[in-house]
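# Got a sequence here, can you build the structure:
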Amino acid sequence: MLSTCNFDHNLISDKLYEFLNNGPYFKEDDGVRLESVRWVDNLSDTAMKLTKSQMQRLSSAGSLTHYFQTSETLSINFKLLALNNVQQPRMITGDDTWSDCEGDWSQRIVSWFHADQTWVYAESWIPPSLALQYQEQVSDRLPLGKWLFNGQAIELSPFKFVTLVPSDPIMQRVSFPMTVNNSSLWIARCRQYKIAEHPPLIVIEVFFQPCLDHFALISEEATQQENV
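Below is the predicted model:
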């Protein structure tokens, strides 16, 4: 294991603190992984009914980090929950080009939250060669988006999407007590980031209802401006 982040008890509730320190997502052998779900290419093919504004925001190619951190109406907080060494994930696209990639991948587990409510849960997998070259960025407590969208040459794959239900073992693993409405459906998206000759970095984000409600209020003009 590369490292495990210590959680700041002063910033989160007692119940959430206990869960984060004992939560099942730290079990490397639980057999439940976000990359194992069935992804689709279009939001319209998921089981979730979304507004036009929600679909525009979820499919926006721009930086989610930039969007949250430049919001003039909300204070969205970021938290690095864990940093682990893991076996190579199965590629979302089924591409086995990097199946012979040697060494453990680095896994970052993070969340975005507002007013004690989880908005986004995310898992990132960084291939060994990329993690070695960019050790400071990978271990940084800042969002990866600050590095990935900082003007460097990068190839982005199209998003893939999936709808997750509360009974899904994955959601039992990642949902936080007291911060998630268990009667809701959640939408997740996945994208690959290719930097130079390295295998692609994989990022999966799960959007919870408070975030989706906010996206529903975003105007089309604001979403288009974010894409620029």
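
# all strands in the protein, in order from the N-terminus.
With DSSP state E as the criterion, the chain has strands at 77-86, 105-114, 117-126, 155-156, 160-164, 186-194, 201-207.

# same for the fourth one, what does it pack against?
Other elements packing on strand 155-156 under the criterion 3 or more C-beta pairs under 8 Å, 6 or more residues apart in numbering; DSSP states H and E are strand 186-194. Where you see a C-beta, it was placed from the backbone N, CA and C, and this is true even at glycine.

# and the strand it packs on with strand 117-126, angle?
Here the directions of strand 186-194 and strand 117-126 differ by 30 degrees (axes from the mean of the first three to the mean of the last three C-alpha atoms, to 10 degrees).

# Of all the residues in strand 186-194, which ones are buried?
186-193 (16 or more other C-beta atoms under 10 Å).

# quick one: which of those residues is nearest residue 157?
Of all the buried residues of strand 186-194, residue 157 sits closest to residue 192, with 4.0 Å by C-beta to C-beta.

# hey, what's that closest one bridged with?
Partner residues in beta bridges with residue 192, using DSSP bridges, are residue 202.

# Quick check, it in contact with residue 201.
Yes - using C-beta atoms under 8 Å as the test, residue 192 is close enough to residue 201 to be in contact (6.9 Å).

# follow-up on the earlier one: list just the one of the strands of the chain that sits closest to residue 140.
strand 77-86 (8.0 Å).

# so what secondary structure elements neighbour the closest one?
Strand 77-86 sits against strand 105-114, with contacts defined as 3+ C-beta pairs under 8 Å, 6+ apart.

# which strands and helices sit next to the strand it packs on?
Using 3+ C-beta pairs under 8 Å, 6+ apart, the elements in contact with strand 105-114 are strand 77-86, strand 117-126, helix 128-133.

# Which of those sits closest to residue 59?
Closest approach to residue 59 among these (C-beta to C-beta): strand 117-126, 15.1 Å.

# Note down every partner strand of that closest one and its orientation.
strand 105-114 (antiparallel), strand 201-207 (antiparallel).

# Please enumerate the helices of this structure.
All helices of the chain, identified by DSSP state H, fall at 14-22, 52-58, 64-69, 128-133, 135-139, 145-148, 169-174, 209-216, 220-227.

# related to what we said a few turns ago, single out the most deeply packed of the helices and strands packed on strand 105-114.
Among those, strand 117-126 has the highest mean neighbour count (mean count of other C-beta atoms under 10 Å), at a mean of 23.

# Need the CA coordinates for that strand. CSV is fine.
What follows is strand 117-126, C-alpha atoms only, in CSV (Å, rounded to 0.1, in the frame of the first residue of the first chain):
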residue,chain,number,x,y,z
GLN,A,117,-23.9,16.5,1.9
THR,A,118,-21.8,14.4,-0.5
TRP,A,119,-22.1,15.7,-4.0
VAL,A,120,-19.5,13.6,-5.9
TYR,A,121,-17.5,10.5,-5.1
ALA,A,122,-14.6,9.6,-7.4
GLU,A,123,-12.1,6.9,-7.9
SER,A,124,-9.0,7.4,-10.1
TRP,A,125,-6.5,4.8,-11.3
ILE,A,126,-3.0,6.1,-12.3
